[in-house]
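K.L.:
fold the following, please.
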Amino acid sequence: MGDRYYKQKQFDESREQYETQVGWAETCRLDDAYRATAYNNVALTYIYQGEYLKADAWINLLKEDKKSIYNSQKYKAQIDKAKKELAGSYVGEYWSYSGKALWDSIVVKKSGDRYTIAYDGYYVPQYFMYYGPNMGEFSAEVAIEDNHARYAQDPKEYSDCTFDFVFEKNRIHVKQTLGESWTCGFGHNVYAGGTYYRVQGK
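P.N.:
This next block holds a predicted model:
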């Protein structure tokens, strides 16, 4: 079905089928070559829609596979151009892979002389394809100074977790420090820490 939609240039519909392919490939623990095919199928739908950074994120999930190497080299100029165009700004959407075709995301928007950082994340259990993921989110207005920002939760509302954001060349490194409530107001096992790569500039 994914191939059929792809040939008809219905890339949103095609991508939905390929993402299902990813979910089952990971659930069934199929080999790297099969999973790389699924990842690159999704990447190509983004490429033909001009979303080169989202495609790059998918390609890099198994970047040593021959299909990933081929697509990375074939579209290197477009990917590099997309990254260069975003230089010098914090604003955009950033991804970190959760598994089974889901990505944790951080969206950064300008808010006067400050920024709004919105996080949406997942924990993907083994039986996700049947029952879905656990989820977590927050939105905070912060100052970004010297490429660093911090958000500390109000213990009266959720918990007293702290999140440190370090911005570096189209990526964000996030450190999550747990407070007394280890959940930080998130679903079970959802964790915001890690490295997020920018996939969109607005």
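
K.L.:
now the element after the lowest-mean-pLDDT helix or strand in the chain, going C-ward?
P.N.:
None of the helices or strands of the chain scores lower by mean pLDDT, DSSP states H and E than helix 128-131, at a mean of 88. As assigned by DSSP states H and E, the chain's next helix or strand after helix 128-131 is strand 134-142.

K.L.:
ok, now which ones touch the most far-flung residue of the chain relative to its centre?
P.N.:
Ranked by distance from the centre of the chain (C-alpha atoms, centre = their mean), the top residue is residue 156, with 29.8 Å. With contact set as C-beta atoms under 8 Å, 6 or more residues apart in numbering, residue 156 has no partners. C-beta: built from backbone N, CA, C; applies to glycine.

K.L.:
is it in a helix, a strand, or coil?
P.N.:
For residue 156, the assignment made with DSSP: H, G, I helix; E, B strand; the rest coil gives coil.

K.L.:
so where is this structure shaky, pLDDT-wise?
P.N.:
157-159, 179-182 (pLDDT under 70).

K.L.:
what segments of it are helices?
P.N.:
Ranges of helices in the chain, per DSSP state H, are 2-7, 11-27, 32-47, 52-59, 66-74, 76-85, 128-131.

K.L.:
quick one: contacts for residue 149?
P.N.:
Taking C-beta under 8 Å, 6+ apart as the test, what residue 149 contacts is 115, 117, 142, 143, 164, 165, 167.

K.L.:
for residue 135, same thing?
P.N.:
Listed by C-beta under 8 Å, 6+ apart, the contact set of residue 135 reads 120, 121, 122, 123, 186, 187, 190.

K.L.:
tell me how the protein divides into domains.
P.N.:
As given by automatic domain parsing, the domain ranges for the chain are 2-84, 89-200.

K.L.:
may I have the distance across the last one, first residue to last?
P.N.:
Taking C-alpha to C-alpha, to the nearest Å, the span from the opening residue of domain 89-200 to its closing residue is 11 Å.

K.L.:
what do you get for the shortest one?
P.N.:
Domain 2-84 stretches 32 Å from its first residue to its last (C-alpha to C-alpha).

K.L.:
surely residue 129 meets residue 27?
P.N.:
Yes. Contact criterion C-beta atoms under 8 Å: residue 129 and residue 27 qualify, at 5.2 Å.
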